[in-house]
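Asks: pasted the sequence and its predicted model underneath.
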Amino acid sequence: MSSSSLKDYKNKLNLLEKYNKFYYQDQKPIVSDKEFDKLKREILELEKKHGFDDTKSPSTKIGYKPSKKFQKFKHKVKMLSLSNAFNQEDLINFQKKNINFLALDKNYEFEYSAEPKIDGISASLNYKNGKLIRGLSRGDGEEGEDITENLKTIRDIPLNVSHPDFPEEIDIRGEVFIETDDFKKIEKDFANPRNAASGSLRQKDPNKTKLIPLKFIAYTFGFTSDMKSKNQSDFIKDLDKWNFKTSELNKTIKGVDNLVKYHFDIEKRRFDLKYDIDGIVYKVNDFSLQKRLGFMATAPRWAVAHKFSANYSVTKIIDIDIQVGRTGALTPVAKVKPVNIGGVMVSNATLHNEDEIIRKDIRIGDTVKIERAGDVIPHVISVDKNLRNSNIKKFTFPKKCPCGYDTIKEFNEVTKKIDAVRRCPDVGFDCNRIAKEKLKHFVSKDALNIEGLGKKVIEKFWDLKFIKLPNDIFNLNFEKISKLEGWGSQSAENLKNSINKSKKLKLDRFIYSLGIRHIGQENAKLISEFLGNYSNFIKLKDQKNIEDLSNIDGIGGTQITSLKNFFKNNLNLKVISSLSKILFIEKNITKKKGGVFSNKILMFTGKLNNISRAEAKSIVENNGGKIVSNVSKKLDYLITGEKPTSRKVKMANDLKVKILNQTDFEKISKLRQ
Ligand code: IVH
């Protein structure tokens, strides 16, 4: 690939963007249709030839930023994504976790609804009294775009449903896609069928949508006023009855072995199907079990997407780099001779960890097979040892972090195995590599969201020794910055403003911004809702308060250990304390959840029968309650299981706290009549 063809490609993209803007935004085309089409063709040809890829490319959209023009509406029930599984082991773990959560016998066999994972665009169709009222795109999962008129042009979507069983109100959800044969007719304009469907669906003019033959397959529901079916496979039958199209490949299956067989079967036939699928979705069939299993942060516990293996290519390893991540993990990355895999140029591939290098005996200079699956980072699958030069040496994984610390391998409490990942043990800002990554995390979009302070700028400021700790960002010398190459007084001023703007933030963002291991966005939210304000958060430095957080549904031993380590580190405490003087950390306003335990504080003691602690936590929180681990006057209920701690029961009695046994608890939470 020459840099001049890349330059040519970028220039063409900019020109196309300009034409588009005049055409779509200002409705005043400045070139003829013919000239416009010629430019588009040239761009697509360059992409095909060199594997170029750009978000501005016409292969990823039609028109000029169509998404901004649609009105947004909240989904009544969030549109979530699915967790992924790549092999049998992942499926066994998925099943095991659910068995533990439901406290079922370890040999329990779930019945699953197995459904093809259609690679299109999901949509939610709201029907009231049998009439299609509104159709929304997924959007960010909470809020979607109103694309009703475009959806109405799809013949598979019934505008009216008159069946007597059809609920008074229901959101029917499914996938909008384009069939492979239809795609062939327009393939010169798009990178793949999914992009074609997405572009067409988000056209402002429904007549343009009509030009591309879209299809719709239904597979689930969001809000519903009534649900007669007891399981997913019956619901699919209902969908058929109500005149929605469903997949002919849907099937109920028991046992992980049979899931794998079905996956293999369909994968073989994958390219003979009428539409693109990228895996199989398995859903626990029984709705009552689905309800008990509930949801994690972004996906249901009761479903998983078993992906198909992806595109691959063969290339050579030029070098192996060791990257140190924000949480100290040493990740080996193979620098490879660039190859085009499924339309994307790949020059880096992860080697995951030390064990993986040993297991596959990967060496610099080896010829390797690389896989790229969707948005997952490309990785090395295998080494062709026949092509190995006899003089190349085994790769020795460094035992020290580049910062000088000896690395460690941790014991994983969940798997009861030594971790495959080697880590730098620093939990603060001593290790330069970790500290730099923490800074990038601190300013990132979901943390302080400081515009103009991207990864490259952080690298530069770091090298110039302008910053080392997060609080240094608020003491930058803008005079100096304005004199740097590529900067000026205006850009320095802009940065100053965006840094100032970032000073006011909610507690959950603050907690997330600290980059504590195992405390991602969702856990930061859970902790901030539980603690309420910053002064409770800072009390965690007394260690003993950290244990309380294990009462939150979603927070377990791993997170607690990580928080303890974080708060043991003096530099971390200094950073937090100086940040607290600079920032305005606001409370998170939490929506009060209704339910039988609304605003009530509960505590458990003793072993519960047939129900895991994880499920008990989830029941209490879904019913508006909060769990604590100490008996105090504030406690509303002490729930006793088998062999409760007598000291706790006595204290509760003395404080006149209401004591309930497991049966009472289950009756109140309506688990039992
Ligand atoms: S169920 C809460 N079933 O996969 C679970 N999703 O990564 C909601 N998809 O956004 C999804 N085929 O667009 C479900 N049979 C199927 C599906 C399916 C495709 C897509 C859907 C969703 C994505 C999740």
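Replies: Looks like it arrived, so ask away.

Asks: could I get the pLDDT score of the residue positioned nearest the centre of the chain?
Replies: Among the residues of the chain, Thr298 comes closest to the average C-alpha position under CA atoms, centre = their mean, at 6.3 Å. Thr298 carries a pLDDT value of 77.

Asks: next, it: secondary structure please.
Replies: coil (DSSP: H, G, I helix; E, B strand; the rest coil).

Asks: which ones are touching it?
Replies: Thr298 is in contact with 80-81, 141, 522, counting by CB atoms under 8 Å, 6 or more residues apart in numbering. From N, CA and C alone the C-beta is placed, and that goes for glycine too.

Asks: could you turn the buried ones of these into a PyMOL selection?
Replies: With 16 or more other CB atoms under 10 Å as the criterion, this PyMOL line picks the buried residues out of these:
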select buried, resi 80
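
Asks: dump the residue contacts of the residue of the stretch 451-600 of the chain at minimum distance from the ligand.
Replies: Closest to the ligand within the stretch 451-600 of the chain is Glu522: 15.6 Å, counting by CB to the nearest ligand atom. Residues near Glu522 by CB under 8 Å, 6+ apart: 296-298, 554.

Asks: what residue ranges in the stretch 201-350 of the chain score low on pLDDT?
Replies: In the predicted model, the stretch 201-350 of the chain carries pLDDT under 70 at residues 310, 342-343.

Asks: for it, what lies in contact range of the ligand?
Replies: Counting by CB under 6 Å from any ligand atom, the stretch 201-350 of the chain comes close to the ligand at 219-220, 281, 300, 303, 305.

Asks: let's see 8 Å
Replies: Counting by CB under 8 Å from any ligand atom, the stretch 201-350 of the chain comes close to the ligand at 217, 219-220, 247, 250, 277, 281, 283, 295, 299-300, 303, 305.

Asks: circling back to that earlier point, out of the contacts of Glu522, who has the most neighbours?
Replies: Among these, the one with the most neighbours (other CB atoms under 10 Å) is Gly554, at 16 neighbours.

Asks: just to check, that residue is in contact with Leu526?
Replies: Yes: between Gly554 and Leu526 there is a contact under CB atoms under 8 Å: 5.3 Å.

Asks: how close does the closest residue to Asn192 other than its chain neighbours sit to the ligand?
Replies: Computed as CB to CB, 6 or more residues apart in numbering, the closest residue to Asn192 that is not its neighbour in sequence is Asp276, at 7.5 Å. Look at Asp276 and the ligand: by CB to the nearest ligand atom, to the nearest Å, they are 11 Å apart.

Asks: and Asp276, how many neighbours does it have?
Replies: 21.

Asks: residues touching it, list them.
Replies: Listed by CB under 8 Å, 6+ apart, the contact set of Asp276 reads 118-120, 177, 180, 192-194.

Asks: coming back round to it: any chance of a ChimeraX selection covering the buried ones in the residues of the stretch 201-350 of the chain next to the ligand?
Replies: Selection of the buried residues among those in ChimeraX, burial being defined by 16+ other CB under 10 Å:
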select :217,219,220,247,250,277,281,283,300,303,305
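
Asks: let me have the residues of the stretch 201-350 of the chain next to the ligand in a markdown table, extended by distance to Thr315.
Replies: Converted to a markdown table, these look like this (distance: CB to CB, whole Å):
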| residue | distance to Thr315 |
| --- | --- |
| Ile217 | 37 |
| Tyr219 | 38 |
| Thr220 | 40 |
| Ser247 | 36 |
| Asn250 | 39 |
| Ile277 | 28 |
| Val281 | 32 |
| Lys283 | 38 |
| Phe295 | 40 |
| Ala299 | 33 |
| Pro300 | 38 |
| Ala303 | 36 |
| Ala305 | 28 |
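
Asks: closest one of the residues of the stretch 201-350 of the chain next to the ligand to Tyr9?
Replies: Among those, Ile277 lies closest to Tyr9 (CB to CB), at 31.4 Å.

Asks: wait, what's in contact with the residue lying closest to the closest one once chain neighbours are set aside?
Replies: Spatially, and ignoring its direct neighbours in sequence, Ile277 is nearest to Pro116 (4.3 Å; CB to CB, 6+ apart). Counting by CB under 8 Å, 6+ apart, Pro116 makes contact with 247, 249-250, 266, 273, 277, 279-281.

Asks: tell me how far the strand ranked longest in the chain lies from the chain's centre.
Replies: The residue-count maximum for a strand in the chain (DSSP state E) belongs to strand 311-324. Chain-centre distance of strand 311-324: 25 Å, with CA atoms, centre = their mean, to the nearest Å.

Asks: can you check stretch 389-399 too?
Replies: Remark: stretch 389-399 is offset 36 Å from the chain centroid, using CA atoms, centre = their mean.

Asks: pLDDT of it, averaged?
Replies: The average of the pLDDT scores along stretch 389-399 is 92.

Asks: just the endpoints, please. Distance across it?
Replies: 26 Å (CA to CA, to the nearest Å).

Asks: OK, contacts around the residue lying closest to Phe442 once chain neighbours are set aside?
Replies: Nearest residue to Phe442, sequence neighbours excluded (CB to CB, 6+ apart): Pro470, at 4.6 Å. Counting by CB under 8 Å, 6+ apart, Pro470 touches 438-439, 442, 513, 575, 579.

Asks: dump the residue contacts of the residue found closest to Lys131 once you drop the neighbours it is linked to in the chain.
Replies: Nearest residue to Lys131 in three dimensions, chain neighbours excluded: Asn160, at 5.7 Å (CB to CB, 6+ apart). Residues in contact with Asn160 (CB under 8 Å, 6+ apart) are 130-132.

Asks: need the strands for the stretch 151-300 of the chain, in chain order.
Replies: For the stretch 151-300 of the chain, strands defined by DSSP state E, counting those that start in this stretch occupy the ranges 169-178, 214-224, 251-254, 277-284.

Asks: so where's the stretch 551-673 of the chain uncertain?
Replies: Counting by pLDDT under 70, the stretch 551-673 of the chain contains low-confidence ranges at 590-592, 671-673.
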